[in-house]
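Peer 1: sequence isn't available, so here's the structure alone:
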């Protein structure tokens, strides 16, 4: 049971490039989330999904897109990378939103845009 | 006003002391409250969750929730150098009657436990 996995671990992008951050969970969780964490700050929600085929925006969605074609995978797409997207990106998943069900985080992707 | 606010750090305590971390939140409809520990360069790790008023104890950790005061705290007894980390308070908010499990995080408090 690998939990939540993310690839790549590190990436450097040039301004204007695009990339996809991969996230996979093997716990059959319906709910999946993408957060970003800027230095010295808490996490901010980018996008979330409540099941395959259903996604919605979080607090800071601009510059990102997501898709959820399977229960397991929730990739995050960056189009036209900008220096403001330099951050650490965490994917998380949860079986339910009811009390008692927690979010499990992946190891993160550290992205630098120069 | 920030939705979730933690006491500013960094917080430094000697080994064996009690570390007290505090968090306030603005939405009275908040349902669930979490404390995550995050070591440098690592992902957040859940250490405590609390859903009802009062205290919840787990080993050296005690979470305290006061919904009337919109306040949640984490006490770490017998602090160890291995407790040195950033502690994130997170709140699961209800907005518009719909909960999708979104967590709103505070900015984190850096704790250092010195020998």
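Peer 2: Cool, got the structure. If you're wondering where the values come from, they're calculated on a predicted model, not measured in any experiment.
Peer 1: relative to chain B, how far out is residue A:68?
Peer 2: Taking CB to the nearest CB, to the nearest Å as the measure, residue A:68 falls 13 Å from chain B. From N, CA and C alone the C-beta is placed, and that goes for glycine too.
Peer 1: helix or strand for that residue, which one?
Peer 2: Remark: residue A:68 resides in no helix or strand, with elements defined by DSSP states H and E.
Peer 1: mind checking pLDDT for it?
Peer 2: Note for residue A:68: predicted pLDDT of 96.
Peer 1: residue 114: what's it in contact with?
Peer 2: In the absence of a named chain, this looks at chain A. Contacts for residue A:114 were tallied using CB atoms under 8 Å, 6 or more residues apart in numbering or on different chains; they are A:12, A:13, A:14, A:15, A:83.
Peer 1: sorry, I should have been clearer: chain B.
Peer 2: Contact analysis of residue B:114 by CB under 8 Å, 6+ apart lists B:12, B:13, B:14, B:15, B:81.
Peer 1: sketch out the low-pLDDT regions of chain B for me.
Peer 2: Within chain B, the ranges that satisfy pLDDT under 70 run B:1, B:94-100.
Peer 1: list, one by one, the residues from it near chain A.
Peer 2: B:4, B:31-32, B:34, B:42-46, B:49, B:51, B:88, B:90, B:92, B:99-108 (CB under 8 Å from any CB of the partner chain).
Peer 1: change it to 10 Å
Peer 2: Residues of chain B lying close to chain A by CB under 10 Å from any CB of the partner chain are B:2-4, B:6, B:31-34, B:36, B:38, B:41-46, B:49-52, B:86, B:88-90, B:92, B:94, B:98-108, B:110.
Peer 1: can you give me the helices in chain A?
Peer 2: With DSSP state H as the definition, chain A shows no helices.
Peer 1: tell me the centre residue of it?
Peer 2: Nearest to the geometric centre of chain A sits residue A:34, at 2.9 Å (CA atoms, centre = their mean).
Peer 1: I'd assumed residue A:103 was in contact with it.
Peer 2: No: with contact defined as CB atoms under 10 Å, residue A:34 does not reach residue A:103; the gap is 11.7 Å.
Peer 1: residues contacting residue 30?
Peer 2: If you meant another chain, say so; for now it's chain A. A:49, A:50, A:51, A:52, A:54, A:71, A:93, A:94, A:95, A:96, A:97, B:101 (CB atoms under 10 Å, 6 or more residues apart in numbering or on different chains).
Peer 1: ah, no, chain B please
Peer 2: B:3, B:4, B:65, B:67, B:70, B:72, B:91, B:92, B:93, B:94, B:104.
Peer 1: which ones are touching the fifth one?
Peer 2: Yep, that's residue B:70 we're talking about. B:23, B:24, B:25, B:26, B:27, B:28, B:30, B:91.
Peer 1: of the residues you listed - the most surrounded one?
Peer 2: Neighbour count (other CB atoms under 10 Å in any protein chain shown) singles out residue B:23 as the most crowded of the contacts of residue B:70, with 26 neighbours.
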